[in-house]
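1. build the 3D model from these lines:
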Amino acid sequence: MAALPAWRMNIQKLLQEYPAITSKFLTLATVDEHTKPRSRYVVFRQWHDNNSLVVVSDNRHNKVRHLAHNANFEVCWYFNDARLQYRISGQAKLLTSASPEADLELRQSVWASLSDSTRVQYTWPKPEADLDRDALASAIPASQDQAAPETFTVVLLVPDAVDVLQLGGEIQREQHTLEGDGSWSVKLVNP
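-> Here you go, the predicted model:
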């Protein structure tokens, strides 16, 4: 396996130094069917083997539809205490119940790692439908041992470019680019 790129090692170090849950919040930007940009917070769950970021979503949410239509994404990940901003862009891959067997194993593994309070969201009524307080209140989380429900999607964010901006101390900016041979080049640029 190739060595981890510097940007990923730095993020892993930041996650260890700043373990608060808010350190795992990213802003995910997609493009809708009308070419309008859309953004929302998502939670970083784990890394996948090719430097992919793993996030999860209910497949009834707009972001899944957006990424199915146009797989391009950008996330902005800001570590407030370190004053570091990472903008990561690339192509998303959606792992659904219809995915190939190898992807279903990862999908189920991620499902099993989620808390009850996260898993219950996949049994809620359809997002953006009229509010049904009774259905929300009576929802029961599916067990970690059960197969992930149809509504559960793992979103693999496969990066091909990372822009790092250091805002604290000496301001500097780096651009990391995935090369054709799988290595990452780094270029220092003006902030």
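2. show me what the helix or strand where Y41 lies pairs with in its sheet, parallel or antiparallel.
-> Using DSSP states H and E, Y41 maps to strand 37-43. Strand 37-43 sits in its sheet next to strand 25-31 (antiparallel), going by DSSP bridges.
3. what's in contact with the one helix or strand in the chain whose mean pLDDT sits lowest?
-> Within the chain, no helix or strand scores below helix 133-138, which has a mean of 89 by mean pLDDT, DSSP states H and E. For helix 133-138, contacts defined as C-beta atoms under 8 Å, 6 or more residues apart in numbering pick out W124, P125. In short, each C-beta sits where N, CA and C put it, glycine included.
4. just give me the neighbour total for the residue nearest to I21 when sequence neighbours are not counted.
-> Leaving aside its sequence neighbours, I21 sits nearest to V43 (C-beta to C-beta, 6 or more residues apart in numbering; 7.9 Å). Residues near V43, counting by other C-beta atoms under 10 Å, number 14.
5. any idea how far V43 lies from D130?
-> 27 Å (C-beta to C-beta, to the nearest Å).
6. so what pairs up with the most centrally placed residue in the chain in the strands?
-> Centroid-nearest residue in the chain: V55, 3.5 Å away (criterion: C-alpha atoms, centre = their mean). In this entry, V55 is beta-bridged to V155, by DSSP bridges.
7. hmm, it is touching Y41, no?
-> No - with contacts defined as C-beta atoms under 8 Å, V55 does not count as touching Y41, sitting 10.0 Å away.
8. what touches both of those two?
-> Shared contacts of V55 and Y41, defined by C-beta under 8 Å, 6+ apart, are found at L26, L28.
9. from L14, how far out is the residue lying closest to L167 once chain neighbours are set aside?
-> Counting by C-beta to C-beta, 6+ apart, L167 lies nearest to R83, which is 4.2 Å off, once chain neighbours are set aside. From R83 over to L14 the distance is 11 Å, taken as C-beta to C-beta.
10. how far away is G168 from P125?
-> Distance, G168 to P125, by C-beta to C-beta: 44 Å.
11. neighbour count: those two, which is higher?
-> Set G168 next to P125 and count neighbours by other C-beta under 10 Å: P125 wins out with 14 against 11.
12. touching, that one and R60? I think so.
-> No - applying C-beta under 8 Å, one finds P125 not in contact with R60, separated by 9.6 Å.
13. number of nearby residues for the nearest residue to Q121 once chain neighbours are set aside?
-> Using C-beta to C-beta, 6+ apart and skipping the chain neighbours, the partner closest in space to Q121 is D58 (6.6 Å). D58 is flanked by 17 other residues according to other C-beta under 10 Å.
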